Each structure stands twice: as C-alpha cells, then as structure tokens.
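> Please find the sequence and the predicted model below.
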Amino acid sequence: MGSAASGPNGGGGDEAAPGGGTGGGHKESRAEPIGSSSSTSSGKRSLVYGYGGRRVDFAAFLHRETNTTKDNNKNTTSPSQPAKEETCKLPKITSVDVTTNLWRNREEHHTYEYDSQELILRRGQPFLFSFTLERPYDGEKDEIALEFSTGKKPSLTKGTRIIFTIAQEMEEGKWSATIDKTEGNQVVLKAQTSNNCPVGRYSMSVIIKSKESKEKQTLNCDKSIYMLFNPWLEKDTVYMEKEDEREEFVLEDSGYLWYGSYKQIGKRRWNFGQFEDSAFEAAIYLLQDHNEALSDADRGNPILVSRSMSAAINVQDDGGVLVGRWDGEYGDGTRPTAWNGSVAILEQYMKDKDPVHYGQCWVFSGVLTTILRSLGIPARSVTNYASAHDTDSSMTIDKHFDERGESIEWMDSDSVWNFHVWNDCWMARPDLPPGYGGWQAVDATPQETSEGIFQAGPASLNAIRQGHVYLPYDTRFIFAEINGDMVYWEASDGDYNLDKLRCESSSVGRGLYTKSVRQNAGEDIKTQYKHAEGSKEERLAVECAVQHGTKPDIYRPDGPIFDDVLFEIDTEDKIYIGSDFDVKIKLTNQSREERNVTLSVIVQVCFYTGVLAQKVKIEKKEVTLKENSTVESIVHVTVEEYVDKLVDQSAMKIFFMGKVKETKQVMASQDDFRLRTPDVDLTVSETKLTVGQEFTAKMALKNPLPRTLTNCSFSVEGAGVQRARTIYLNDVPPNGEVKEEVTLKARKPGKRTLVVDFDSDQLSQVHSDIHFEVSKG
C-alpha cells in the first residue's frame, strides 16, 4: 500500500508541484524516462526512503533526465532503455475527471449545500474520481501514483505536497488510494486524505509509471479540490459526536444573535450563509491567501486556524474584512445595525479586498461564525450580558468616585458593556492537559492585542470556568469579561488616595446566550463558562484567576464592615422607546435606629460598549429611613428628556451613590437597560413554496417617536431565498407609518428564513423574520 512521501531537505522533495488552475478540462500530459532503483543512465543515484512502513523510490517519481525527448502527442522511451514496444509502451493519460462523482462525493461529505460547483471534501474521508487511458489499465505493467499540493510553496517535508502510490487497500487515517473499478479505458479510484491534513485548496496530478521500463507520465487535473475540517470523523480534531449538534453548528446557515441588556434581552435573525459562493470564496481566501502569519502546514490545526480567523475578520493588523466603529458616525459606510447577515459583507469585501465599513461586535461574530462553519469548524455566536472589559489584567473592573459621589471618568479605564458578542468553536486541545477540549472562546472584535495582534482565543471554556487563566489563549481577558468582580473606589480630594468602598461579585456575566440546538429559542450557557454565582467553586475560581493578575492582593481583609442599609436599583422590565419611564431606588434600614441617607442618581445615555454619552437627568435627594423600614425613591424620566440624546441601541446607564449620615456607610452601584424598539410587521404570500416559485413579502412599521425619521430603508435577505437587497424609503413623520412590498423567488429547497431590517438616523435595531418551507417541486 502506498503511503504519503516525505523527503529530506535539499533532496529534491520540496520542488514545486505542477500547476493546477480552474476550468473544465485538463493540462497536457508528458512522458519521461526515469532511472533505475540503483542508478540512472546519467550516473545519479536513486533515492529510496521509508515512510509509514513502506519504501518509496522518490527518484522514480521526481528525477527528470536531461536527454528526454518530449512529445505531447505520443509516448517516448529513453534511448538508453530500448525495450520492446509490447512491454515498454506506456499508455497516455487522456483525462482526469472529478465531476462524474461530484454530487455523490459531496452528499457523503456533507458539502452538498455549497453553491460552488467544485469538488469540496472533508478530510480523512474516502472520495471517488476517475481518469482515462489510451488503453485499458494493466496492473501487471502499470503503476499509478497521485500527487496533491497546496499552498504557495508545496513541500514534502511540511506535508503540503504529498505523493503516494495506489494499493490494494486504503490505510486508515493516511493519504492513500485504491482502484474502485475499471471500465474499458477508464479507471475509477477511491482516495482519502490524512485525518490532519491542511485544509484549503489543492491541486491534484495523476502519475502512471511502467513497472518494466520505469517510464512515467503525469497529467494535472485543472479543477481545484477543496478540503475542509471533518466534524463527522472521530479522528479529526473537530469531531463532534451528536448529529443534531453537527446540523446546528456546521450546517445551519441561519440563526439568531442576542443583544440588549440582561433585563431587556433582544434577539435578531442573522443570515450566516456559509454555503453561498461569496462566503466560501472568502473563507478560502482568508485562510490561504490573505494571512501570511498562518503557514500552509498550520492550516490543518483548528486551534491556529480559529485564532488566525479572529484576526482576519477585523481590519486592524492586516486589512481584514471589517472596520469597527462605535461613535455613531457612519456616513461613509453602512450602519452596523443595518446588516442582516454575513453574505452581503463578504460579497462587498471580495470585490476588491477593501475592508467593509462598519461593524460592531455582533457583526464581527456573525461573520466569524460564517467563516468557521464554511471551513468545517463547528461554531456558534455567544452573547455575554454585562460584559466586562478589563484593561489592566487585574481581573477586576474598577469604578472611581469622589467624596461628593460624582464619577471620576478619567480614572475609569475599565468598562462594562451592556452586551458583547463573540464565538465558541468546538475542538480538541492536544496542546493543553487533558480535560480542556470542547468549546473554545474566540473573539474577532478588536479590543486588546494578543501577541501584538488584535485577536483573541481560542480559550477553553473549562479553563475559564476553573479560573485557570494561565492557559492559552487569552483566557485571562475572557475570564474577566464573564466573571470579573466590580470594585468601587472613593478618591479623596487633592491627593486621590483610594479607599475601597465595596465589591460586587455578581455584576458581570449576567447571562450568556446562544441559539438552542435545532430550535429558534435561546439558551443560557452561563454554567458552561462559570460555576453558580456566589458558590464556593465560583469564588475559588475567581481567587485563582486574580492570583495570576496584576492585583493579587485585592481580596485581602479590610476589617469589619457594618452596613445596615440595603439598596436595590429597579427599572421596568419592558420600557419601549417613545414612552416615559421610572427609575426606582429601594432602600431598607435593617437597624433599630433612624438612618438619614444622601442619594445621588444619574441617568445617562450610553453606547452599548459602556462608553458614556449625554446625561439625561441628575437627581440628589435626602431620604429618612425609620427603624426596620423600607422606602422607595423614584426618578421620573420623560421622552422629551431623552429622545434627542439617544445613540445606537437606545441604551441607558444608571449610576447610584448614597451615604448614610450616622454610620458613614457608602453605597455605590450601576445598572443598565435599553429602550425596546418595535418589530417590523412582516408577512409573506405563501409559506409552502417550490424552488423557482415567486412570492411577495409585505413590510410595515409605525414610527413610535415624536420626531421625523430620516434616511430610512428596509434591508431584505434570506439564505437560499434572497441575496441582500436594500430598499430606500421616504422620511416617516411622527407617529406615521411606512409600508413596502417586494417580489422574491425561492432558490434552494429546505427550511428557509427571510430577514427584514428597518434603519434610520433616529431609530435602528428594528427587524423581523419569517420562516417557510421550500420543496424541490
């Protein structure tokens, strides 16, 4: 049985493979004499190496005689070996065909959904193709070998150029091939790659050699072959055991992304579209041609591939896919909330490889999910509510106040985002001790550099859960995002000596949501990231993590604390944009004596990243609490007070600080919420369709604001239904209504989803989706 060839440096093994290209035919064959196994007519010694228990004669395949007479139309033999024609004549290879069994292969390899007409395979799994000779194949006289090459400089020693002979049986887990059948002059081969070969674009050549004369001939297949990771193969690093999970995290081309705040959770449909031409083309380009930091040999390692792709999605270091922007100024690009999916972004990027303007965290995550699934790595988008951004690796989020209870913003480099969206991808971690495989967190949003590049992960969820932040990659940063403690400090006037006021252990990582397997509902996977809040295990994990941070003594005892006034910030569960709302501060006196409290409440507009915008309202109050009593203080906010100050996501932040006159107790906290937006009223004329059938979609929306909506548009998109399309609209007056109708056509069978988004300068993150069935007809 033939095995993959691996030669030494300098021995001719790293010679570039014959070119591939694209097209429907094949390149011209060539016939060449080869020296014997001991020496050639020119005096050069043959090279014989052992590999995988076999002996492979590289000279028989790689050495080319200088006295060869080349003829494209007939076979030639070496003048030094004038054998008889009936024993030396080598049949010409007339064609190599990877299309006849194309769809059978793609069905078996779970790649039938890709729009591309190329041969797309998953590594380690058998596939069929054929070639044709001038005469029937004769196993007594003919020997067949295959050559696969990938990358800019294919190398035998690096595993990016592979040569092996066909054998009676294929060898499990290794590059190998056998004859499936012969029909006349046609030979059908069954071949497979190794379980860990690099993924990406390959060229292939068929080599036939005479067993008697050592003459050989090569024909290059000019159709590229694409190799992906294989979650269906147990020996693949990305193997996923459950079929329903493979269906969800590899094959599902539409899903949900979560946004909002932990009190007002919102979700929006996202068209991942990993099988669309532009998405697959982008995945291969980013993997193989864009990123020089990832070597061709490393393309077989999902750990390094996922890390590299997290960098390739953002523009910061290498001209990646998306430019991020968070200041609300999007005039020279597309508002992040206007995107419905990844396909339109990747189509735009692949036109000229210029970065697309603009994205924010959920957009970065949606595109990364597309790229990873397209390459065969199981992936999901995950939203973390109350997501911390720790800038000094302390694993704490620090908030500073002066003696008057005013926030000292210039001292606050850490922040808490209302929500942040990143990705999990599934793989084994052979680079770590046992027990750290499974889901790994990766993040394409550019926040902090890692090894000098804006990339993050993969970080083992189990390592995050246990506080083992010393394990790669970027576990420390992601731990702080989901389980860092909020620490409030008071800075004295003048010298700014810091006194720790209080520590909140449950303010960060309030919920981690992703789409449930094979359902349209959300699932809180917080327990996969951390132990139950406040449990002994969770506190031990925090202490373990902090010991590896920049403030290992943050939890040293501060002496006895006597706090007998409790407080709670409360807002309504559903506050709709365009309506008034109340902020309630609930104070409870647990002592048997009267308490007098000075309150300071600030309601402020903020970006979802926690960056503050304009203040909406500031109220200071004196509250008297009788013994063992509870008082509720209410701050009322009207629509006119906030409507002209809103920014993206319609997010608000509440800061609260209080001081008890009698005990000097200091209370400090913050909370956030968002104003809910209405949904688009979306209907379709048919819910059961056949491929090619036209149908209509109707969209309607009522303006909830006392302001005119300007620069309005509907965006329509659906995997297998409608490529991204934008419909521009007239201004919508206060309390006015906009309606639109569009004709669409079903392109692919299966369960399909249509996604519609409304966008304007004053109102965004307004969307809806509808599901229907498309049959083949």
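Sure, I can see it. This one's a predicted model, so the numbers in the text were calculated from it and none came from an experiment. Numbering: from 1, shown residues only.
> tell me the mean pLDDT for the longest helix along the chain?
Longest helix in the chain by number of residues (criterion: DSSP state H): helix 361-375. Averaging pLDDT along helix 361-375 gives 98.
> what helices or strands is that helix leaning on?
Where contact means 3 or more CB pairs under 8 Å, 6 or more residues apart in numbering; DSSP states H and E, helix 361-375 is packed against strand 254-260, strand 265-271, helix 277-284, helix 302-312, strand 322-324, helix 343-352, strand 379-389, strand 415-427. C-beta here means a position set from N, CA and C on the backbone, and glycine is covered the same way.
> okay, the angle between it and helix 343-352?
Interaxial angle of helix 361-375 relative to helix 343-352 (axes from the mean of the first three to the mean of the last three CA atoms, to 10 degrees): 70 degrees.
> Output helix 361-375 as PDB, restricted to C-alpha atoms.
Output of helix 361-375 as PDB, limited to C-alpha atoms (Å, rounded to 0.1, in the frame of the first residue of the first chain):
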ATOM      1  CA  CYS A 361     -19.300  43.100  18.000                       C
ATOM      2  CA  TRP A 362     -22.400  41.100  16.800                       C
ATOM      3  CA  VAL A 363     -21.300  41.800  13.100                       C
ATOM      4  CA  PHE A 364     -17.800  40.600  13.800                       C
ATOM      5  CA  SER A 365     -19.200  37.500  15.500                       C
ATOM      6  CA  GLY A 366     -21.700  36.700  12.800                       C
ATOM      7  CA  VAL A 367     -19.100  36.900  10.100                       C
ATOM      8  CA  LEU A 368     -16.700  34.700  12.100                       C
ATOM      9  CA  THR A 369     -19.400  32.100  12.600                       C
ATOM     10  CA  THR A 370     -19.800  32.100   8.800                       C
ATOM     11  CA  ILE A 371     -16.100  31.600   8.100                       C
ATOM     12  CA  LEU A 372     -15.600  28.900  10.700                       C
ATOM     13  CA  ARG A 373     -18.600  26.900   9.600                       C
ATOM     14  CA  SER A 374     -17.700  27.300   6.000                       C
ATOM     15  CA  LEU A 375     -14.300  25.700   6.800                       C
END
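> Quick check: bridge partners of residue 625?
residue 595 (DSSP bridges).
> Burial check on it, number of neighbours?
Close neighbours of residue 625, defined as other CB atoms under 10 Å, add up to 21.
> Quick check: it touching residue 566?
No - here residue 625 lies out of contact with residue 566, judged by CB atoms under 8 Å, at a distance of 10.3 Å.
> Between these two, which contacts overlap?
587-588 (CB atoms under 8 Å, 6 or more residues apart in numbering).
> thought residue 737 was touching residue 699?
No - in this structure, residue 737 is not within contact of residue 699 by CB under 8 Å, at 11.0 Å.
> Looking at these two, which has the bigger crowd around it?
Using other CB under 10 Å, the more surrounded residue of residue 737 and residue 699 is residue 699, with 21 against 11.
> That one in helix, strand or coil?
What DSSP: H, G, I helix; E, B strand; the rest coil gives for residue 699 is strand.
> ok, now residue 105?
helix.
> Residue 125 is in contact with that one, correct?
No - the criterion here is CB under 8 Å, and residue 105 misses it with residue 125 at 9.1 Å.
> Comparing those two, which residue is more hemmed in?
A count of neighbours by other CB under 10 Å puts residue 105 above the other of residue 105 and residue 125, at 23 against 18.
> tell me the pLDDT at the more buried one?
So residue 105 comes in at 97 (pLDDT).
> what's the spacing between it and residue 631?
Using CB to CB, to the nearest Å, one gets 72 Å for the distance from residue 105 to residue 631.
> Could you do residue 270 as well?
Taken as CB to CB, the span from residue 270 to residue 631 is 45 Å.
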